[in-house]
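Peer 1: predicted model and sequence follow; I will ask about them next.
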Amino acid sequence: MSRIPIAAGNWKMNKTVEEASEFAEALLDLSPNTSDIEVILCPPFVTLYPLSQKLAQKGIKLAAQNCYWEAKGAFTGEVSIPMLLAAHCQYVICGHSERRHIFGETSEDVGKKVTAAIHFGLKPILCVGETIEEREAGRTETIVFDHLSKGITNLSKEEALSLVVAYEPVWAIGTGKAATPQDAHQVISYIRQQLVKKFGDNTAKQIRILYGGSVTPDNVFDFMKDPDIDGSLVGGASLDPTKFYKIILESLRASQ
Ligand SMILES: O=C[C@H](O)COP(=O)(O)O
């Protein structure tokens, strides 16, 4: 079964509305192919709607970096999934390691977000991954299992078809020290096995699993040529339109 590859750029807390608009114009000038790959930008909340006006018609999709699981109400500072849908988002990142480690999100919180995202019609990108201490203690699979199993706990087989999983080892994020493709392959294969156990082979083989952590135009080909790795979730290198465009090109080259 061939899965459509993904190149997703997570801007984190970077770019004003004006800077985001400049990025969009530069990327559109490069005319990335969006028919054979899903190109997704994950900008800050306030730039989602303005970017949607520029990008959506060109086939570039938008993801929010976070969401809350309730539809509306007295939850100061939170953004609901219906609000994200109204801003033309199609995806939402759930459980990024920065949310887990800086803001104290638990795997149970992340599971509620994944469930709510699918319930309301957004596709979740569920992030999982271990710290360096956890890896060195031989706990990578234990941690990934916790993040994954609690993230997908409420999903039916049918709902799981909307799921994307991103394996992001925390020690590779923003460090310039990407995992090796072999390390990524090993954990991503483990994730796929867990998806098979939960949803069955037919559903699991349709779920896309991304790698994230110091992805660049120079190393993305080596990740993407692994048939188990369906795309990348890119942080720093996605802030530059030329670098992000090269990541799209290299991802396509590897998947053809
Ligand atoms: O969501 C993206 C990841 O945290 C990777 O960030 P990075 O490419 O800057 O290492």
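Peer 2: Happy to help now that I have it. Numbers count the residues shown, from 1 in each chain.

Peer 1: residue furthest from the geometric center of the protein?
Peer 2: When distances are taken from the C-alpha mean of the chain, Ala74 lies farthest, 28.1 Å away, according to CA atoms, centre = their mean.

Peer 1: quick check, that residue in a helix?
Peer 2: No: counting by DSSP: H, G, I helix; E, B strand; the rest coil, one finds Ala74 to be coil, located in no helix.

Peer 1: can you offset everything so residue one is 17?
Peer 2: In the new numbering, first residue 17, that becomes Ala90.

Peer 1: now do stretch 49-69: distance to the chain's middle.
Peer 2: Taking the mean of its C-alpha atoms, stretch 49-69 sits 12 Å from the chain's own mean (CA atoms, centre = their mean, to the nearest Å).

Peer 1: how many residues are close by whichever residue of the stretch 167-272 of the chain sits closest to the ligand?
Peer 2: Nearest residue of the stretch 167-272 of the chain to the ligand: Gly251, at 2.2 Å (CB to the nearest ligand atom). (C-beta placed from N, C-alpha, C; glycine too.) Using other CB atoms under 10 Å as the criterion, Gly251 is surrounded by 23 other residues.

Peer 1: so what's it up against?
Peer 2: With contact set as CB atoms under 8 Å, 6 or more residues apart in numbering, Gly251 has these partners: Gly25, Asn26, Trp27, Lys28, Ile189, Gly190, Gly228, Val231.

Peer 1: quick one: buried ones out of these?
Peer 2: When neighbours are counted using 16 or more other CB atoms under 10 Å, the contacts of Gly251 contain these buried positions: Gly25, Asn26, Trp27, Lys28, Ile189, Gly228, Val231.

Peer 1: report the central residue of the chain.
Peer 2: Averaging the C-alpha coordinates of the chain gives a centre point, and the residue nearest to it by CA atoms, centre = their mean is Ile141 (4.4 Å).

Peer 1: could I get the contacting residues of that one?
Peer 2: The contact partners of Ile141, by CB under 8 Å, 6+ apart, come to Ala24, Ala79, Tyr107, Val108, Ile109, Cys110, Val180, Val181, Ala182, Leu226, Leu249.

Peer 1: can I get the residues you listed in JSON lines with pLDDT?
Peer 2: Conversion of those to JSON lines gives the following (pLDDT from 0 to 100):
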{"residue": "Ala24", "pLDDT": "98"}
{"residue": "Ala79", "pLDDT": "98"}
{"residue": "Tyr107", "pLDDT": "98"}
{"residue": "Val108", "pLDDT": "98"}
{"residue": "Ile109", "pLDDT": "99"}
{"residue": "Cys110", "pLDDT": "98"}
{"residue": "Val180", "pLDDT": "98"}
{"residue": "Val181", "pLDDT": "98"}
{"residue": "Ala182", "pLDDT": "98"}
{"residue": "Leu226", "pLDDT": "98"}
{"residue": "Leu249", "pLDDT": "98"}
